[in-house]
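Visitor: Using only what follows, build the 3D model:
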Amino acid sequence: MPWLQLLGRAMPRPLRIHVPGGFYHITLRGNHQQDIFSIESDRTLLNVIVAAALLKHAAELHAYCWMTNHLHLLIKVSDAPLGSLVRHIAAGYARAYQKRLETTGHLFERRYYASIVDTDAYFLELVRYIHLNPVSAGLVREVAEYRWTSHHAYAGGRSDPWVSPDFALKLFSPDPSRRLAQYRDFLEQGPRTTNVPLPHTEAPAPAAATSTAACAVEGLAVEASRRFDVPMARLRVRGRNPKVAVARAWVAKAARDRRLASLSEVARFFGCDQAALRHAMERFRRELAEAS
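Guide: Next comes the predicted model:
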């Protein structure tokens, strides 16, 4: 059976699953990886647009980071579709940005990345990953040095009424007096880098640390489990099940295309051989090419 038949139909862009009240990690990148900010006030403008979008769509923002050429958001949605919220942010900012510069064309990639967050542990890993993204990329040495993240709302250094840090902080401790210290300790355990900050470039975000890569691969695996109707437990068990093979191949391709993890990190997560995973990816690629 051709692998694409396992999907029920050939669908290069599967429908996104909307879970009212669900948490999503969203990544929105500049078109062709171009910078999406040119002056400091551009990020301030984005803050205003995001706050308005959250209010309109009754959504909550639990973590964010505005990098040079991409955005990270950890959002809890309501009944309003996630796509509508993301379009509000992307289109609103792009129009204002391009009007100031008198330019046209696509500022963002048309397809944003969204991964549902289904455990508290994964939620906290994403908060840490998002807040440490500028450190991992070599833009700053310490998380507190980077202005454009929700870390400051968590640490009490800045009040952003459109950011909701309480949910995550309560996961650290039921004792309010201990939450901040435990949050800071949690950050200290995360990926670090001693690279000299680079003013105009960024390292591929999740490649900096195995723990972060594993977190990203797990998120993709959850998505693949739903998409290909394969239990998560089956994805990490050795065997030659065709549905398992295609799901793993999809995860490996998505991880590499989105620069979330290397092939070796994906293979390590699944406990499988790199060569077998590479073969599965090639077969999956051929099926996609034949269907297009």
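Visitor: any idea how far Leu187 lies from Arg29?
Guide: 24 Å (C-beta to C-beta, to the nearest Å). For the C-beta atoms, the positions are set from N, CA and C on the backbone; glycine is no exception.
Visitor: Same check on Arg259?
Guide: According to C-beta to C-beta, Arg259 stands 9 Å off from Arg29.
Visitor: Surely Ile26 is within a strand?
Guide: Yes. According to DSSP: H, G, I helix; E, B strand; the rest coil, Ile26 belongs to a strand.
Visitor: Name the nearest residue to it, sequence neighbours excluded.
Guide: In this structure, Ile26 finds its nearest non-sequential neighbour in Leu73, 4.5 Å apart by C-beta to C-beta, 6 or more residues apart in numbering.
Visitor: immediately after the helix or strand containing that neighbour, which helix or strand?
Guide: In this assignment (DSSP states H and E), Leu73 forms part of strand 70-76. Sequence order places helix 82-101 as the next helix or strand after strand 70-76, per DSSP H and E.
Visitor: helices or strands up against that following helix?
Guide: When contacts are defined as 3 or more C-beta pairs under 8 Å, 6 or more residues apart in numbering; DSSP states H and E, helix 82-101 packs onto strand 23-29, helix 40-56.
Visitor: ok so, going back, distance from the strand holding Leu73 to the middle of the chain?
Guide: Offset of strand 70-76 from its chain centre (C-alpha atoms, centre = their mean, to the nearest Å): 7 Å.
Visitor: From Leu126, how far off is Ala247?
Guide: Counting by C-beta to C-beta, the gap from Ala247 to Leu126 is 22 Å.
Visitor: These two: which has the busier surroundings?
Guide: Applying other C-beta atoms under 10 Å to Ala247 and Leu126 shows that Ala247 carries more neighbours, namely 29 against 24.
Visitor: Of all the residues in the helix or strand where that one lies, which ones are buried?
Guide: Ala247 is part of helix 242-257 when elements are defined by DSSP H and E. Buried residues in helix 242-257, defined by neighbour count with 16 or more other C-beta atoms under 10 Å: 244-255.
Visitor: what about the strands in the stretch 51-200 of the chain?
Guide: Assignment of strands within the stretch 51-200 of the chain using DSSP state E, counting those that start in this stretch yields the ranges 60-66, 70-76, 113-117.
Visitor: How about residues contacting the second one?
Guide: Looking back up the chat, that one is strand 70-76. 21-30, 33, 36, 46, 50, 54, 59-65, 82, 85, 117, 123, 126-127, 130, 133, 164, 167, 205 (C-beta atoms under 8 Å, 6 or more residues apart in numbering).
Visitor: One more: stretch 166-183?
Guide: Residues from elsewhere that reach stretch 166-183 (C-beta under 8 Å, 6+ apart): 60, 62-63, 76, 120, 123-124, 127, 154-156, 186.
Visitor: Out of those, which comes closest to Val140?
Guide: Comparing the contacts of stretch 166-183 against Val140 with C-beta to C-beta places Ala155 closest, at 14.5 Å.
Visitor: In this structure the closest one contacts Ala144, no?
Guide: Yes. Ala155 lies in contact with Ala144 (C-beta atoms under 8 Å); the separation is 7.0 Å.
Visitor: CA-only coordinates of the helix or strand encompassing Glu287, as PDB, when you get a sec.
Guide: Glu287 is located in helix 274-291, with elements delineated by DSSP H and E. What follows is helix 274-291 as a C-alpha-only set of coordinates in PDB (Å, rounded to 0.1, in the frame of the first residue of the first chain):
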ATOM      1  CA  GLN A 274      19.600   6.400  11.600                       C
ATOM      2  CA  ALA A 275      20.000   4.500   8.300                       C
ATOM      3  CA  ALA A 276      16.600   3.000   8.700                       C
ATOM      4  CA  LEU A 277      15.100   6.400   9.500                       C
ATOM      5  CA  ARG A 278      16.900   7.900   6.500                       C
ATOM      6  CA  HIS A 279      15.500   5.200   4.200                       C
ATOM      7  CA  ALA A 280      12.000   5.800   5.500                       C
ATOM      8  CA  MET A 281      12.400   9.500   4.900                       C
ATOM      9  CA  GLU A 282      13.500   8.900   1.300                       C
ATOM     10  CA  ARG A 283      10.500   6.600   0.700                       C
ATOM     11  CA  PHE A 284       8.200   9.200   2.200                       C
ATOM     12  CA  ARG A 285       9.700  11.900   0.000                       C
ATOM     13  CA  ARG A 286       9.100   9.800  -3.100                       C
ATOM     14  CA  GLU A 287       5.500   9.200  -2.200                       C
ATOM     15  CA  LEU A 288       5.000  12.900  -1.700                       C
ATOM     16  CA  ALA A 289       6.700  13.700  -5.100                       C
ATOM     17  CA  GLU A 290       4.500  11.200  -6.900                       C
ATOM     18  CA  ALA A 291       1.400  12.600  -5.400                       C
END
